[in-house]
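Enquirer: what follows is a predicted protein model with its sequence.
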Amino acid sequence: MTEKQDTINILAIESSCDDTAAAVIQNGKILANIVSSQLIHQQYGGVIPELAGRAHQQNIVKVVAKALEKAEMSTDQLHAVAYTQGPGLMGSLLVGSQFAKGLCLALNRPSIGVNHLEAHVAAHYIEQQQRFPMICLLVSGGHTQLILVKSELDMTVLGSTLDDAAGEAFDKTAKLLNLPYPGGPLIDQYAELGNDKAFEFPVAKLEDYQFSYSGLKTALLYFLQKQTDPSAFIENHLNDICASMRKAIVKPLIQQLEKAALAHNVQTIAIAGGVSANALLRRSVKALGEKHQWRTLIPAFEYCTDNAAMIAMVAHYKFLNQDFTPLNALPFSRMD
């Protein structure tokens, strides 16, 4: 393999949590993006790590095969294999990373470990022309961060949550309201039918670019406990509770995004991660962009949640920089 080549084919694998995904990218263009979701966790109200790892083992071969088939490509045509190195569930990460490394050994190709959080930001590079610098608000079930993005691979975290992530706040709200897992999309659905001024829930005011949501969950718990019949109250006011809680979760996200963008004098703002599918957040980011005449980047719904296309996009730029990962590199479950 020469240092410069006309065609770069990369297989990417994502297995950080409960979705087994594979994608094929050629010269920066996604040819296939396959995702297999695990439904077994719904009956437990959350992701069970052991079950997630087992499901990845069962799904990874057929998901990779389907991605290669859709891309009309054989393994011999690959120039590298990428995988999610972290953060995520260790058992899940090990399945994807070991599969990728095994394939690299068999094909004598380099491996590319990808940071899952950087990949969420890179989802914007798939179908849109990126402009730097930009401030990206990363909001998912496990992370809430403001990131200054200077180039495809140059990112600096400006601030993050002190406790719960925004996605956790939605899921814990859903649990208190007796909604099934995953609760975030359901809250968004009911909130669209409700009055967000019906109830007032606290919004944490923090310095710098930090977030905090643990107090919001507690406030909702106490609010419901004060009702004479909490179950009946939830049933009669579900839409309004969801709308009011959604507003309390989204408001600080927009406030901190605006503050960071103004402080760093950027002209482009973006959102990424699973919560970026939230209807109010998407509308609020668009409105913020219109207010300041900023360019707003909002990912397509298929690239909001975990997928391998975003892993492939980071891998593409890493390949161009000859930034490969040793086969003895270990996955990491969390960011230190």
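Expert: Looks like it arrived, so ask away. Numbers count the residues shown, from 1 in each chain.

Enquirer: low-confidence regions, the stretch 151-300 of the chain specifically.
Expert: By pLDDT under 70, the stretch 151-300 of the chain contains no weakly predicted segment.

Enquirer: swap the cut-off to 90 and go again
Expert: Applying pLDDT under 90 to the stretch 151-300 of the chain flags residues 181-183, 204-208.

Enquirer: after the lengthiest helix in the chain, heading C-terminal, what element do we hit next?
Expert: The helix spanning the most residues in the chain, taking DSSP state H as the definition, is helix 230-263. Of the helices and strands lying after helix 230-263 in sequence (DSSP states H and E), the nearest is strand 268-272.

Enquirer: partners of that next one, with directions?
Expert: In the sheet, strand 268-272 lines up against strand 134-139 (parallel), strand 295-297 (parallel) (DSSP bridges).

Enquirer: average pLDDT for the longest one?
Expert: The average pLDDT for strand 134-139 rounds to 97.

Enquirer: can I get the CA coordinates of it in CSV?
Expert: C-alpha atoms of strand 134-139 as CSV (Å, rounded to 0.1, in the frame of the first residue of the first chain):
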residue,chain,number,x,y,z
MET,A,134,-17.6,26.0,15.4
ILE,A,135,-19.1,25.3,18.8
CYS,A,136,-20.8,21.9,18.9
LEU,A,137,-23.2,20.9,21.7
LEU,A,138,-22.9,17.2,22.3
VAL,A,139,-26.0,15.8,24.0
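
Enquirer: compute the inter-axis angle for it and helix 230-263.
Expert: 160 degrees (axes from the mean of the first three to the mean of the last three C-alpha atoms, to 10 degrees).

Enquirer: contacts for the following helix or strand past strand 134-139?
Expert: Under the assignment DSSP H and E, the closest C-terminal helix or strand after strand 134-139 is strand 144-151. For strand 144-151, the surrounding residues in contact (C-beta atoms under 8 Å, 6 or more residues apart in numbering) are 117, 121, 132-138, 155-161, 165-167, 209, 211, 213, 253, 256-257, 260, 264, 266, 270. No exception for glycine: its C-beta is placed from N, CA and C like everyone else's.

Enquirer: using CSV, write down the CA coordinates of strand 144-151.
Expert: In CSV, the C-alpha atoms belonging to strand 144-151 read as follows (Å, rounded to 0.1, in the frame of the first residue of the first chain):
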residue,chain,number,x,y,z
THR,A,144,-23.4,16.6,27.7
GLN,A,145,-20.5,18.7,26.5
LEU,A,146,-19.7,22.0,24.7
ILE,A,147,-16.9,21.4,22.2
LEU,A,148,-14.8,24.0,20.3
VAL,A,149,-14.1,22.4,16.9
LYS,A,150,-11.2,23.9,15.0
SER,A,151,-10.8,21.3,12.4
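
Enquirer: who does it pair up with?
Expert: Partners of strand 144-151 in its sheet, by DSSP bridges: strand 134-139 (antiparallel), strand 154-160 (antiparallel).

Enquirer: how far out from the middle of the chain is the shortest one?
Expert: What that stands for is strand 134-139. Computed by C-alpha atoms, centre = their mean, to the nearest Å, the chain-centroid distance of strand 134-139 equals 11 Å.

Enquirer: what residues of it count as buried?
Expert: Applying a neighbour-count criterion of 16 or more other C-beta atoms under 10 Å, one finds 134-139 buried in strand 134-139.

Enquirer: on that earlier part again, need the strands paired with strand 144-151 in TSV (columns: distance to A65).
Expert: As requested, those are exported to TSV (distance: least, C-beta to C-beta, whole Å):
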stretch	distance to A65
strand 134-139	31
strand 154-160	33
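
Enquirer: out of these, which gets nearest to Q57?
Expert: Closest to Q57 of the strands paired with strand 144-151 is strand 134-139 (C-beta to C-beta; 28.6 Å).

Enquirer: which residues touch the closest one?
Expert: Against strand 134-139 from outside (C-beta under 8 Å, 6+ apart): 117, 120-121, 124, 144-149, 158, 165-167, 253, 256-257, 260-261, 264, 266-276, 281, 285, 297.

Enquirer: same thing with stretch 231-247?
Expert: Here stretch 231-247 has contacts from 170, 173, 177-178, 187-188, 190-201, 216, 220, 224, 227, 278, 280, using C-beta under 8 Å, 6+ apart.

Enquirer: quick one: that stretch to chain centroid distance?
Expert: Here stretch 231-247 is found 26 Å from its chain centre; the criterion is C-alpha atoms, centre = their mean.

Enquirer: my guess is I269 contacts Q256. True?
Expert: No - judged on C-beta atoms under 8 Å, I269 makes no contact with Q256 at a distance of 11.4 Å.

Enquirer: do you know how far V64 is from H292?
Expert: 43 Å (C-beta to C-beta, to the nearest Å).

Enquirer: what's the answer for Y181, then?
Expert: Y181 is 37 Å from H292, by C-beta to C-beta.

Enquirer: ok, the two, which is more surrounded?
Expert: Set Y181 next to H292 and count neighbours by other C-beta atoms under 10 Å: Y181 wins out with 16 against 13.

Enquirer: ok so the more buried one is a strand residue?
Expert: No - Y181: not assigned to a strand; according to DSSP: H, G, I helix; E, B strand; the rest coil it is coil.

Enquirer: surely it is in contact with D171?
Expert: Yes - assessed by C-beta under 8 Å, Y181 is found in contact with D171 at 6.9 Å.
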